[in-house]
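Colleague: 3D model of this:
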Amino acid sequence: MRSASLRPRSRAADALAPDAVVGPGEDHRRPQHDRQFERLADLHWVIAVGAAGLFAHYCMTRAFRIADATLVVPIDFLRLPLIAVVGMIFYGEPLEFSIMLGAAVIFAGTYYSIRRESIGRA
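Modeller: Numbering: from 1, shown residues only. Next up is the predicted model:
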């Protein structure tokens with residue numbers, strides 16, 4: 001049974017999951033040659049996302065070589081509130097109180113950890 005709340009998918013989402021359910025009464029299936037062309041047309045985005053992920057893992061590995069994990073991991077958690085801000089700016093997503101509260105907890109924990117490390121070394 002299909003849900004009435006499903007929305008049409010984007011071309012990029014169709015390229016990754018072409019057989020997904022689109023919505024009630026909609027025939028989302030296209031001829032096979034169209035699906036193959038769409039996958040090839042969006043292949044550069046898939047490659048870009050893969051390259052960005054590879055580069056992110058490389059950067060994290062370098063960070064763990066240079067600094068202690070107690071410093072690197074809390075700073076890595078800062079990407080969560082930063083992605084919320086990117087979603088707000090580029091996609092118009094609302095910035096909820098729970099996101100701001102989580103960002104404050106992450107920032108406070110990171111600040112406390114860095115401050116504690118700097119006092120311990122002095």
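Colleague: C-alpha coordinates for stretch 57-73, CSV please?
Modeller: Listed next in CSV are the C-alpha coordinates belonging to stretch 57-73 (Å, rounded to 0.1, in the frame of the first residue of the first chain):
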residue,chain,number,x,y,z
HIS,A,57,38.8,10.5,5.5
TYR,A,58,42.3,11.5,4.4
CYS,A,59,41.9,14.7,6.4
MET,A,60,40.7,12.9,9.5
THR,A,61,43.6,10.4,9.3
ARG,A,62,46.1,13.3,9.1
ALA,A,63,44.4,15.1,12.0
PHE,A,64,44.8,11.9,14.2
ARG,A,65,48.5,11.8,13.3
ILE,A,66,49.0,15.4,14.2
ALA,A,67,46.8,15.8,17.3
ASP,A,68,45.5,13.7,20.1
ALA,A,69,42.1,12.0,19.6
THR,A,70,40.6,14.0,22.6
LEU,A,71,41.1,17.1,20.5
VAL,A,72,40.2,15.8,17.1
VAL,A,73,37.0,13.9,17.8
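Colleague: buried set for it?
Modeller: Within stretch 57-73, the residues scored as buried using 16 or more other CB atoms under 10 Å are residue 71. In this view, the C-beta of every residue, glycine as well, is placed from N, C-alpha and C.
Colleague: Show me what the regular element (helix or strand) spanning residue 105 packs onto, helices and strands only.
Modeller: Under the criterion of DSSP states H and E, residue 105 resides in helix 97-121. Here helix 97-121 touches helix 69-77, helix 79-91, going by 3 or more CB pairs under 8 Å, 6 or more residues apart in numbering; DSSP states H and E.
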